[in-house]
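Asks: 3D, please:
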Amino acid sequence: MLLCCMYHHVGADKLSNSLPILEKHFQYIKDNFNVVLPGEPLIEDAVNVCLVFDDASYSFYSYAFPLIKRIGIRVVLAVSTKFIVDSANRVAPHVRLHVAVDEMMLGDTFSKSIPFCSWEELLEISNSGNVKIASHSYSHCNLLQSPDVEAELADSKEILQEKLQKEVDAFVYPYGRFNASIVKHVRKQFKYSFAVGAGDNRSWDGIDGVLFRMYCDDLNDPTSMFSKWNLRKYRVQRYRLFVKKWLMDHAPSVQLAS
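Replies: Next up, the predicted model:
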């Protein structure tokens, strides 16, 4: 079994978990499952878990990253490069942490309030050995509505690899949106790609090349999603993921006027 989990922020106004819940959640996963990064060997007849954080908000660096290092687990962090600035020294940490989630990517908020990790912080994160950096596209747009999907993929990958001096071989679909054409473009650039949907992926190929992730923000408790009943349910839900993938493969892209 390969379960992939999706997280965003810590201590924020939405798409978030409290630090105490996240600490118990991560410790439970560390104590009970095999935590893996994309491409690593999976243990047969065991629960393998891959943890993926989207957006690289400053709350990840401030709260989640220290916790990850202390507990000794490893995660994937997906970055949209448009919103990353070189240094955040000019903005106080409390300002960066208290930008509303819905405002983070609006206008020049990313450069004024710096609610995302800086390149300095991402370099520290990447060099820690606890975090694998993934692309989350260049501008975090819905790729079904993008006039240039290839640029969204290639520009993000090029910038990340130049800034961090590490190979970037994983991609996280913004908003979990794709179709068959977009998947084809992604697979030219990346070995692994992540979308949204609860279920057992079984292998790193996921469901026809897409790994589906369970929603793990706003947890009411740290462990119930891994109950014996839910683990059995995830195996059954694998078959529903094939249907979900087929439907998304046939989602139309927006045709822009020339």
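
Asks: need the helices for the stretch 101-250 of the chain, in chain order.
Replies: 109-112, 119-127, 149-164, 180-189, 228-249 (DSSP state H, counting those that start in this stretch).

Asks: which one of those helices lies closest to Val10?
Replies: Nearest of the helices of the stretch 101-250 of the chain to Val10, taken as CB to CB: helix 119-127 at 14.1 Å. Where C-beta positions appear, they are placed from N, C-alpha and C, glycine not excepted.

Asks: Would you mind checking the average pLDDT for that closest one?
Replies: Mean per-residue pLDDT for helix 119-127: 98.

Asks: what does that helix rub up against?
Replies: 56, 58, 60-61, 65, 77, 79, 84-88, 117, 131, 133, 163-164, 166 (CB atoms under 8 Å, 6 or more residues apart in numbering).

Asks: Next, the buried residues of that helix.
Replies: Along helix 119-127, these residues count as buried under the neighbour rule (16 or more other CB atoms under 10 Å): Trp119, Glu121, Leu122, Leu123, Ile125, Ser126.

Asks: how distant is that helix from the center of its chain?
Replies: In this view, helix 119-127 has its centroid 16 Å away from the chain centroid, taken as CA atoms, centre = their mean, to the nearest Å.

Asks: what does stretch 79-86 give?
Replies: 15 Å.

Asks: start to end distance for it?
Replies: End-to-end distance of stretch 79-86: 14 Å, with CA to CA, to the nearest Å as the criterion.

Asks: what's in contact with it?
Replies: 55-56, 104-105, 110-111, 114, 116-120, 122, 133-140, 155-156, 159-160, 174.

Asks: Stretch 20-35 now?
Replies: Stretch 20-35 is contacted by residues 10, 17, 42-43, 46-51, 63-64, 67-68, 71-74, 216, 219, 221-223, 226 when judged by CB under 8 Å, 6+ apart.

Asks: and those, which are buried?
Replies: Buried among those by 16+ other CB under 10 Å: 10, 17, 42, 47-51, 63-64, 67-68, 71, 73-74, 216, 219, 222, 226.

Asks: Need the phi and psi values for Leu3.
Replies: phi -100, psi 130 (degrees, to the nearest 10).

Asks: typo on my end, Tyr28
Replies: phi -60, psi -40.

Asks: Measure how buried it is and give me the count.
Replies: By the criterion of other CB atoms under 10 Å, Tyr28 has 14 neighbours.

Asks: coming back round to it: possible to save the buried residues of helix 119-127 as JSON lines with distance to Ser253?
Replies: Formatted as JSON lines, the buried residues of helix 119-127 follow (distance: CB to CB, whole Å):
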{"residue": "Trp119", "distance to Ser253": "32"}
{"residue": "Glu121", "distance to Ser253": "34"}
{"residue": "Leu122", "distance to Ser253": "30"}
{"residue": "Leu123", "distance to Ser253": "35"}
{"residue": "Ile125", "distance to Ser253": "33"}
{"residue": "Ser126", "distance to Ser253": "32"}
